[in-house]
Every structure is written in C-alpha cells, then in structure tokens.
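In: Could you work out the structure for the sequence below:
(one chain, ligands or ions: 1)
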Amino acid sequence: MALNLDTRQRAMLAEMHVRVWSPLTAPEPAATSSAVEVADAAVLTHDAPVVSSPAPVSVAAARAPVPAAVTAHAAALAAAPVSTPRMGQRPEGLDHMDWATLHSTVSSCQACTLCSTRHHTVFGVGAPAPEGQVPQVDWLIVGEAPGENEDLQGQPFVGQAGQLLDNMLRACGLSRTAQAGPEGGGIYITNVLKCRPPGNRNPKPEEVAQCEPYLQRQVALLKPKIIVAMGRFAVQSLLQHSVPGVDNTPLGKLRGQVHSYQGVPVVVTYHPAYLLRNLPEKAKVWADLCLAMAQLRGRSQ
Ligand code: URA
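Out: Below you'll find the model as predicted:
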C-alpha cells in the first residue's frame, strides 16, 4: 500500500527528518505469487538508511495495512500548522546583540531539533549582575550540554557533576554566585549546547554548529580573563580553529598548556561527569585549575 503524500506533507516530513521512500512507478503485485518482489511500499523511517532497492516481501506483507502508528504520525504531520519551526535558522545580528537580547534569543531558539524535546534552554549562571547587564567575571567555565536536571531547572551543572564542580571551584576560592571582588574572581558557567540532547546522548556536529555562535557571543560580551574548557565537546568547540586536528587529539594531550579562544587564554580539563566515574583523575583537574589560576595571576601582575 502506498502513502499518497502531497508536496506539503513531504516537505514537513523532511523537516522532521523522516525519510520517505517511494518508487516513481508502483507495479501491482502478482496476486497469485506467494513471495514476489514488491516495490509498492512507501517506507517511512526515522533516520534509517535510505532504501534504494526494496527488500523482497511477501504479498501478504505488502498488502497488510500500514501500522496505525505510522498513519497516525503521517496524519499528525499533515495536520500540523504550516508555521512549523524552521529548523536551521538562527536570528540575524548575533554579533551585535547585547546580553539581554542574546539571552532571550537563546530562550526562543529553534535552530535545531533539540528545541522540540527541551523543557528549558540553559543560558548559563554566574556572578550576579543588574537585570540585563553582563556579569563581571574573570572565569568562564564551559561544559558540554544540559543534562536532565539542568533541562528541568534551566540552570547549568545542578546535578551530581555540578556539585563536584562547585566543590572544585570552592577549593580555588570561587563560587558560582559570588560577586567579583576588588581582586576579581567572578565566574560564569555555561555549556556549548544550550539545550539538552535527549537521553544525554552526545551532541551532534550540526547541533554544535548551530549553538556555537551563542557561546562565541557570550565570550565576546563577558570578556573573561580565563576559560576552562571541561570535556571533549567544550575543548573541540573552543579550539577547533586554533589547534589543528583537535577532534582526534586525546584530551590528555591538550592539558597542561594554555590555548586561546578569541584572544582569551583557555585551559583544558576533564569533565566533572568523567571525574565521577574516574575519581583518581581529580588530581589532574586540580592541576589544571592551578594552571588557570597561575595564568590569571600572571596576567594581573
Ligand atoms: N554536564 C554539562 O556539561 N553541563 C551541565 O550543565 C550539566 C552536566
């Protein structure tokens, strides 16, 4: 049985990343044959490989009704309003946005499919600042992406990994909510992705590509004196233009040196979630934070 989809329905399915395969000509299956090659089946898949040559199916299978879930899904898509979010589009003018506009732009972002599964966007948290003003900070901590708790609360690093991060920061005399003193010390914590990948899966390259300009603008506005990149995705995202082959370089090889992002020194370290599984590595993160503190001190001397 073929699904007769019009152009609008096909466009919507493409928008939802639902692949449709359907032959241009659909031969009638021979009624007498028990197992014949049948090409008359529209194939609806979620990210499944495109079916270029149909697998042999029995006539009974070919004539079986399309599963209710598939037809319901197609019907729901067809009924969806034409103003379905247009994926892949970010607002113009990011490079000139102020903090408040950037924040609200992130809150309503629909640049990738993560917007359809998130509860909240997670912009970041840090030193208190008057409404709409850029927090005054020396430190910027960059993680990977919100997890379940962060997605529910709209705050970065509020789960177990966050508690570990807070403890490590406390050991450096820092707190996520403290105002910068005369000696500096304010921090801001954010992630490469502002929305949670479902099931905490790894961010996809296209999601990172869509979200990265937000981080870029946050850095430009915050003007931190040091960035601590925590984990593979933060490191790859921040160093992709300055470290050739960064995607294939083990994080351990990037530690212990000071890199640069938009002219801001960057120190690389392990992600707190990794530390929760590998507690002996804590000493290395402490060494990385000491390097960041030394870099800061060197700068202010
Ligand atoms: N892991 C991250 O990278 N960021 C969070 O905000 C929480 C967990």
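
In: Buried residues, stretch 215-234. List them.
Out: Burial within stretch 215-234, assessed by neighbour count using 16 or more other CB atoms under 10 Å, is assigned to 215-220, 222, 224-234. Glycine gets a C-beta too; all of them are placed from N, C-alpha and C.

In: Keep only those of these that are in helices.
Out: Under the assignment DSSP state H, the buried residues of stretch 215-234 contribute 215, 216, 217, 218, 219, 220, 222, 232, 233, 234 to helices.

In: can I get the residues you listed in TSV with pLDDT and distance to residue 199?
Out: Listed next are those as TSV, based on pLDDT from 0 to 100; distance: CB to CB, whole Å:
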residue	pLDDT	distance to residue 199
215	98	23
216	97	27
217	98	28
218	98	26
219	98	29
220	98	32
222	98	30
232	97	18
233	97	16
234	98	20
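
In: Need the max-distance pair from those.
Out: Distance extremes for those: the farthest pair is 220 and 232 at 23.7 Å, using CB to CB.

In: if I pick the residue lying closest to residue 198 once chain neighbours are set aside, what's in contact with it?
Out: In space, and not counting its chain neighbours, residue 198 is closest to residue 117: 4.9 Å by CB to CB, 6 or more residues apart in numbering. Shown in contact with residue 117 (CB atoms under 8 Å, 6 or more residues apart in numbering): 195, 196, 198.

In: Tabulate these (CSV), appending distance to the ligand.
Out: Formatted as CSV, the contacts of residue 117 follow (distance: CB to the nearest ligand atom, whole Å):
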residue, distance to the ligand
195, 11
196, 9
198, 15
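
In: Name only those of those residues that count as buried.
Out: Counted by 16+ other CB under 10 Å, the contacts of residue 117 give 195, 196 as buried.

In: Nearest residue to the spatially most central residue of the chain in space, please, no chain neighbours.
Out: Most central in the chain under CA atoms, centre = their mean is residue 193, positioned 3.7 Å from the mean C-alpha point. Excluding its sequence neighbours, the residue lying closest to residue 193 (CB to CB, 6+ apart) is residue 145, at 3.7 Å.

In: Could you list the residues of the stretch 201-301 of the chain in contact with the ligand?
Out: Taking CB under 6 Å from any ligand atom, the part of the stretch 201-301 of the chain that reaches the ligand is made up of residue 273.

In: just the strands in the stretch 201-301 of the chain please.
Out: With DSSP state E, counting those that start in this stretch as the criterion, the stretch 201-301 of the chain has strands at 226-230, 258-261, 264-269.

In: would you turn the ones you listed into CSV with mean pLDDT?
Out: Putting those into CSV (pLDDT from 0 to 100) gives the following:
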stretch, mean pLDDT
strand 226-230, 98
strand 258-261, 98
strand 264-269, 98
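
In: Any idea which of those strands gets closest to residue 141?
Out: Closest to residue 141 of the strands of the stretch 201-301 of the chain, according to CB to CB: strand 226-230, at 5.0 Å.

In: Tabulate the CA atom coordinates of that closest one in PDB.
Out: C-alpha atoms of strand 226-230 as PDB (Å, rounded to 0.1, in the frame of the first residue of the first chain):
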ATOM      1  CA  ILE A 226      40.400  32.700  31.600                       C
ATOM      2  CA  ILE A 227      38.300  30.000  30.100                       C
ATOM      3  CA  VAL A 228      38.200  26.500  31.500                       C
ATOM      4  CA  ALA A 229      37.000  24.000  28.800                       C
ATOM      5  CA  MET A 230      35.600  20.900  30.500                       C
END
